[in-house]
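Participant: what shape does this take:
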Amino acid sequence: MPRQKRQVLFGQGELTRNLLRELRDADGPLTSRELAQSILALRGDDVRDRRLISEVTRRVSKALRSHREEGRVRSATDASGNLMWSRRLGRGEVVAPMLPSRSEDMVNTGPDAT
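Facilitator: Residues are numbered from 1 along each chain as shown. Take a look at the predicted model:
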């Protein structure tokens, strides 16, 4: 039987960009399913479609495993045995506090500020 054609869901690098952005913006570790649901919601796809969620979850898991081997993300197991994914900080990278914008700096600074 001939091989079936692969269904293209994401453009080149689109899944990786979205995954790393979601992990960067997350408050804590996320499961592959949570990541898949948030990516589908960003794209405007139906997050209630179980077949689509399963397919994207499988692709997310595979992508994250390869990124884990390259050192971009890390995984930990929760109490139920599920993998929880988080972004690995780069060498020398720290979470910086929010700095005021340039316009806020300029408002009350200078020699004539009261």
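
Participant: give me every residue that touches the residue most central in space within the chain.
Facilitator: Ranked by distance to the mean C-alpha position of the chain (C-alpha atoms, centre = their mean), the top residue is residue 22 at 2.5 Å. Residues in contact with residue 22 (C-beta atoms under 8 Å, 6 or more residues apart in numbering) are 30, 35, 38, 39. Every C-beta, even on glycine, is put in place using the N, C-alpha and C of the backbone.

Participant: so residue 74 belongs to a helix, correct?
Facilitator: No: counting by DSSP: H, G, I helix; E, B strand; the rest coil, residue 74 is not found in a helix; it is strand.

Participant: give the contact list for it.
Facilitator: Residues counted as contacts of residue 74 (C-beta under 8 Å, 6+ apart) are 68, 85, 86, 87, 88.

Participant: quick check: which element contains the second one?
Facilitator: Assignment of secondary structure by DSSP states H and E places residue 85 within strand 83-87.

Participant: now that strand: average pLDDT?
Facilitator: Averaging pLDDT along strand 83-87 gives 89.

Participant: how about it: buried residues?
Facilitator: When burial is assessed from 16 or more other C-beta atoms under 10 Å, strand 83-87 yields the following buried residues: 83, 85, 87.

Participant: circling back to that earlier point, max pairwise distance over the contacts of residue 22: which two?
Facilitator: Between any two of the contacts of residue 22, the greatest separation by C-beta to C-beta is 10.8 Å, found for 30 and 39.

Participant: what's the angle from the top helix by length along the chain to strand 83-87?
Facilitator: What stands out as the longest helix in the chain, according to DSSP state H, is helix 50-70. Per axes from the mean of the first three to the mean of the last three C-alpha atoms, to 10 degrees, the angle that helix 50-70 makes with strand 83-87 is 60 degrees.

Participant: which helices and strands does helix 50-70 pack with?
Facilitator: With contacts taken as 3 or more C-beta pairs under 8 Å, 6 or more residues apart in numbering; DSSP states H and E, helix 50-70 sits against helix 14-25, helix 32-43, strand 73-77.
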